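# Using only what follows, build the 3D model:
(4 chains)
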There are 2 protein chains.
Amino acid sequence: MVDTAAKLLSEARELIVQGGYNGFSYADLSARLGIRKASIHHHFPSKAGLVVAVVEQARSAIRAQIGLVQNENSIAWDQLLAYIGYWERCIKEQTAPFCLAAVLAAELPNLPEEVATSVRGHFVDLSTWLERVLSLGVSQGSIRLQDTPAIEAQTFIATVYGAMLAARAWDDPDRFTAIVDSFTNRIRVRRQ
Amino acid sequence: MVDTAAKLLSEARELIVQGGYNGFSYADLSARLGIRKASIHHHFPSKAGLVVAVVEQARSAIRAQIGLVQNENSIAWDQLLAYIGYWERCIKEQTAPFCLAAVLAAELPNLPEEVATSVRGHFVDLSTWLERVLSLGVSQGSIRLQDTPAIEAQTFIATVYGAMLAARAWDDPDRFTAIVDSFTNRIRVRRQ
DNA sequence: ATATGCCAACCTATAAGTAGGTAGGTACTG
DNA sequence: CAGTACCTACCTACTTATAGGTTGGCATAT
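You can find the predicted model right below:
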C-alpha cells in the first residue's frame, strides 16, 4: 500500500517533467490524488521542499546505482546500455519522457536556492556514477575515451539530455536513440 | 530609437531564457520597462502571443542565416564555428546563456499550442540551416558525416543544447565548449 | 492520550487580462 | 491657419482566477 507522501512525490515528478517548476501547482496534485491542498501541505509544507524531496529521491536511486558499480562482477558496457535502454523505454512509452534534473536545470536561475542546490547535486551524482562506469569500461577494455572519464561522463549526460530535448521537440523517440548512439559508437571498443 | 514593442521582445526573451514560460509575468516586464501591464497588453494582448513573437523573431534570424548559406562564397566550416563561437561568447558573458527554443522545448507539453508550434518550427528552421551548412561542408571537403546531413544536424542541435544545460548545471562555460568540440572533432576533415 | 492524515475555511499575493480614458502626434479639410 | 479625426501609446481602476500557504478541527488508529 503506497502511502500518500510517496504518491505525491511520484505525481509531482510527472508534473515537473511535463512543465517544470512553475508549470505545476499544489492544485494539480490535489486534483490527481483527490485530496485537498491543505493536506498536501501537511506532508510537504512548502513547494520548494516538495521538489527537493523529488530530486533527492532521484539522487538516492543514482547513489544506489553507484553502489552496484562497486560490485566486481559488473560489466561496464551492460550498465551503460541499461541506462540508455531505460530512457529509451521511458521516452517510447511516455512514462518518464524527460529527466527531472534536466528540465529543472533549464530553469536553474529562477529556482529557489535549495532546489537549485539539489538539482546541481543530481548532476554531480549522475556524473560520478557514469565516471565510474566509464572508468570500469576502460579497465575492462570495452570502452575507449578521448578525454578523462570525468569529462566524458559530463559529455554523455549532456548528450543524453540534448537527445531527450530533440526527441521532445521532434516528437520522435528515435531521435533520442540516434543521438545517443553517436556517443556510444565513439567510445565503444569493438572486439574482432 | 528602439520602440517599446522591440524592447518588450528583448526583455521577454531574457526572462524566458532565465525561467521558462511560466517563470515570468507581465509584471516583470512592467518593472523592467517602467510601463504598466495594461500598456504591455496594448502591444501584445496575450502572453502566448508575446512569446510566439519572441520565438518568431529568433526564427527570422535563422532564416536570414539560411539565406547566407546560399551565397556561393560561404565556407561551411567557418559558419559552423561562428555559430558555436556565438554561443560561447553568450554563455561566457551571460548575455544569452541558453537558447530560447531549448528552454521552451523542455516544457513543451505544457505550452499553449501556438507557442509549441512556433518552438517546433524553430527546431525545424535551425536544423534546416545546419543541414545546409553540413551538406556544404561535405561538398567542400571540410566535413565528413557518419549519417545523413539531416540526422547529423539534429544531433548537433541536441549536442549544443545539452552542452548549454551542462554549462548551466555546472556553472562552467568550458563545459559547453568541451562537449561541442567532441562533435566538431568527429565531423572535421583534417587537411594534411 | 497521542500521532497521523485528512478536512473546511480562510489569507495574501499575484497572474493574465478588460474597459475606459488621456495626451501627443499626424494628416486632412475647409 | 484652426479644427477635426484618427492613431499610437501610455494610464487608472478594476476583474476573475489561482498560487502558496495558515489555522483550527475532526476522524481514525495505536
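# Okay, buried residues for the helix or strand where A:G85 lies please.
Element membership for A:G85 (DSSP states H and E) is helix A:76-93. Residues of helix A:76-93 classed as buried: A:76-77, A:79-80, A:83-84, A:87-88, A:90-91 (neighbour count, 16 or more other Cβ atoms under 10 Å in any protein chain shown). For the C-beta atoms, the positions are set from N, CA and C on the backbone; glycine is no exception.
# name the helices or strands packed onto whichever helix or strand comes after it?
Going down the chain from helix A:76-93, the next helix or strand is helix A:100-105, by DSSP H and E. Under the contact definition 3 or more Cβ pairs under 8 Å, 6 or more residues apart in numbering or on different chains; DSSP states H and E, helix A:100-105 sits against helix A:4-19, helix A:47-70, helix A:113-140, helix A:149-170, helix B:149-170.
# picking up where we left off before, closest one of the buried residues of helix A:76-93 to B:S60?
Using Cβ to Cβ, A:I91 comes nearest to B:S60 of the buried residues of helix A:76-93, at 31.3 Å.
# Mind telling me which of the helices and strands packed on helix A:100-105 the model trusts least?
Ranked by mean pLDDT, the helices and strands packed on helix A:100-105 bottom out at helix A:47-70, with a mean of 91.
# Report whether that one contacts chain B.
No: judged by Cβ under 8 Å from any Cβ of the partner chain, helix A:47-70 stays clear of chain B, getting no closer than 12.3 Å.
# where does chain A come near DNA strand C, residue by residue?
Within reach of DNA strand C by Cβ under 7 Å from any atom of the strand, chain A has these residues: A:3-5, A:34-39, A:42-43.
# Distance to DNA strand D and secondary structure added to the residues you listed, as a markdown table?
As requested, the residues of chain A next to DNA strand C are exported to a markdown table (distance: Cβ to the nearest atom of the strand, whole Å; DSSP: H, G, I helix; E, B strand; the rest coil):
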| residue | distance to DNA strand D | secondary structure |
| --- | --- | --- |
| A:D3 | 13 | coil |
| A:T4 | 13 | helix |
| A:A5 | 15 | helix |
| A:G34 | 16 | coil |
| A:I35 | 11 | coil |
| A:R36 | 8 | coil |
| A:K37 | 5 | helix |
| A:A38 | 3 | helix |
| A:S39 | 8 | helix |
| A:H42 | 7 | helix |
| A:H43 | 11 | helix |
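# Buried subset of those residues, written for PyMOL?
To isolate the buried ones among the residues of chain A next to DNA strand C in PyMOL, judged by 16+ other Cβ under 10 Å, type:
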select buried, chain A and resi 35+43
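# okay, the residues of chain A next to DNA strand C in a markdown table with distance to chain B next?
Below are these laid out as a markdown table (distance: Cβ to the nearest Cβ, whole Å):
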| residue | distance to chain B |
| --- | --- |
| A:D3 | 28 |
| A:T4 | 25 |
| A:A5 | 25 |
| A:G34 | 22 |
| A:I35 | 23 |
| A:R36 | 23 |
| A:K37 | 18 |
| A:A38 | 23 |
| A:S39 | 24 |
| A:H42 | 26 |
| A:H43 | 23 |
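# distance between the ends of stretch A:68-82?
Length of stretch A:68-82, first residue to last, Cα to Cα, to the nearest Å: 13 Å.
# which one is the one residue in chain A that gets nearest to chain B nearest to, not counting chain neighbours?
Nearest residue of chain A to chain B: A:G162, at 2.6 Å (Cβ to the nearest Cβ). Among residues not flanking A:G162 along the chain, B:G162 sits closest, at 2.6 Å (Cβ to Cβ, 6 or more residues apart in numbering or on different chains).
# For stretch A:89-101, what is the distance to the chain centroid?
9 Å (Cα atoms, centre = their mean, to the nearest Å).
# same check, this time on stretch A:149-161
Taking mean C-alpha positions (Cα atoms, centre = their mean), stretch A:149-161 and its chain are 13 Å apart.
# How about residues contacting that stretch?
With Cβ atoms under 8 Å, 6 or more residues apart in numbering or on different chains as the test, stretch A:149-161 has contacts from A:84, A:87, A:99, A:102, A:105, A:123, A:126-128, A:130-135, A:138, A:145-147, A:179-180, A:182-183, A:187, B:158-159, B:161-163, B:165-166, B:170, B:175, B:178-179, B:182.
# List only buried entries from those residues.
A:84, A:87, A:99, A:102, A:105, A:123, A:126-128, A:130-135, A:138, A:145, A:179-180, A:182-183, A:187, B:158-159, B:161-163, B:165-166, B:170, B:175, B:178-179, B:182.
# For DNA strand C, see how far away A:A31 is.
According to Cβ to the nearest atom of the strand, to the nearest Å, A:A31 and DNA strand C sit 11 Å apart.
# I'd like to know if stretch A:12-29 reaches DNA strand D anywhere along the stretch.
Yes: Stretch A:12-29 is in contact with DNA strand D by Cβ under 7 Å from any atom of the strand, via A:24-28.
# how about the residues of chain A that lie near DNA strand D?
A:24-28, A:37-38, A:41, A:45-48.
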